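> Everything below, folded, please.
(one chain, ligands or ions: 1)
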Amino acid sequence: MDRRLALVRRPSPLLADGLVTHIERTPVDVDLAVRQWQGYVDALVDQGWQVIEAPPADACPDGVFIEDPVFVHRDLAVLMRSGAPERRGETEGLADVLTAQGYRIAAIEEPGTMDGGDILTHGDQVWVGVGGRTNQAGVDQLAVLLSELGATVTAVPTTKALHLKSAVTALPDGTVIGYEPVVDDPTTWPGFLAMPEEPGAHVVLLGDDRLLMSAAAPESTGLLAARGLDVVTVDISEFEKLEACVTCLSVRLRGPA
Ligand SMILES: CN(C)C(=N)NCCC[C@H](N)C(=O)O
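Prediction:
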């Protein structure tokens, strides 16, 4: 992993009004969330990542979850069309930022819907969760866009969690880890590794064998450390109250060079 550039977006003052679907709403401390977001950004910088900020989307409570309005693969950035109409304004300003970084821009079009949180990749293998935010029409469009880049797209039913990446993510060696109670079918991934805590299912790959994970998953971080992985943790409790995880707060831009 050579290029270490991450796109982030600072929290909206309306963050506390963000969507919750599968968990009960609990009050969000926005000031604490802003500090936690800065801690997340600092952790990326400490690990040698350059961080760029998307234009703020202050009118969008969930705008900080930048993983959802855009997906990047190789030199292509695909603007999403969320299954939650409240989140569609979050794509604003992203085409300009990504064009400036050398990306070609495409978009999921009506009747397709998709959130980036539903897209899990390992190399050119792409799994897309079909559920509350992403539909089959969206998957079909993404499959066409990515086929010219040599990637294979597989649709995965996702009925027990908000997004596919709420349930599973992939380790550097491609092992898919997840929290079984919210995974529709763990046999989708040979070698699936069950984690004991829900936030333990979420990893951001920082490069080499280093991972970024939530501080709310001590048993899982222990398990992964025992496998030889180097785990950096961040407290993102205020974002977790909004059904988010470490992956949602940045988009890692690995190409084009
Ligand atoms: C992988 N995950 C979970 C994400 N990429 N996004 C989380 C978005 C949370 C937001 N409140 C919502 O409900 O849309």
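
> ok, now which ones touch the residue in the chain positioned nearest to the ligand?
Proximity to the ligand, evaluated over the chain using CB to the nearest ligand atom, is greatest for residue 117 at 2.4 Å. Using the backbone N, CA and C atoms, a C-beta is placed for each residue, glycine as well. Going by CB atoms under 8 Å, 6 or more residues apart in numbering, residue 117 touches 65, 67-68, 133, 162-166, 247-248.

> So which bits of the chain are right by the ligand?
18-19, 21, 62, 65, 67-68, 84, 87, 117, 162-163, 165-166, 242-245, 247-248 (CB under 6 Å from any ligand atom).

> Next step: those restricted to helices.
165-166 (DSSP state H).

> Report the separation between residue 62 and residue 84.
To residue 84, residue 62 is 8 Å away according to CB to CB, to the nearest Å.

> for the stretch 51-200 of the chain, what spans make up the helices?
94-100, 136-147, 164-167 (DSSP state H, counting those that start in this stretch).

> which of the residues in the second one are buried?
Along helix 136-147, these residues count as buried under the neighbour rule (16 or more other CB atoms under 10 Å): 137-139, 141-143, 145-146.

> And the next helix or strand past the helix or strand containing residue 220?
Element membership for residue 220, per DSSP states H and E: helix 218-226. Downstream of helix 218-226, the first helix or strand assigned by DSSP H and E is strand 230-234.

> still on that earlier bit, save the helices of the stretch 51-200 of the chain as TSV, and put in mean pLDDT and distance to residue 198 too.
Formatted as TSV, the helices of the stretch 51-200 of the chain follow (pLDDT from 0 to 100; distance: least, CB to CB, whole Å):
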stretch	mean pLDDT	distance to residue 198
helix 94-100	98	29
helix 136-147	98	25
helix 164-167	98	8
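
> Next up, the contacts around residue 49.
When contacts are taken as CB under 8 Å, 6+ apart, residue 49 is in contact with 4-6, 206.

> which one of these sits closest to residue 171?
Taking CB to CB as the measure, residue 206 is the one of the contacts of residue 49 closest to residue 171, at 12.0 Å.

> one step back: contact partners of the helix holding residue 220?
Contacts of helix 218-226 (CB under 8 Å, 6+ apart): 171, 177, 195-197, 199-201, 203, 211, 213, 231, 233.

> longest single helix anywhere in this structure?
Max-length helix for the chain by DSSP H is helix 30-46.

> Where does pLDDT dip in the stretch 101-250 of the chain?
Counting by pLDDT under 70, the stretch 101-250 of the chain shows no low-confidence range.

> In the protein, which residue sits furthest out from the middle?
No residue in the chain sits farther from the centre than residue 226, which is 24.8 Å out by CA atoms, centre = their mean.

> separation between that residue and residue 219?
Applying CB to CB to residue 226 and residue 219 gives a distance of 11 Å.

> Repeat that for residue 184.
For residue 184 relative to residue 219 (CB to CB), the value is 23 Å.

> Which of these two has more residues huddled nearby?
residue 184 (17 against 11; other CB atoms under 10 Å).

> Just give me the neighbour total for the nearest residue to the more buried one once chain neighbours are set aside.
Leaving aside its sequence neighbours, residue 184 sits nearest to residue 157 (CB to CB, 6 or more residues apart in numbering; 4.8 Å). Neighbourhood size, residue 157 [other CB under 10 Å]: 12.

> ok, residue 157 touching residue 188?
No: when contacts are counted by CB atoms under 8 Å, residue 157 is not listed as touching residue 188 (9.1 Å).

> just to revisit the earlier point, buried stuff in the helix holding residue 220?
220-221, 223-224.
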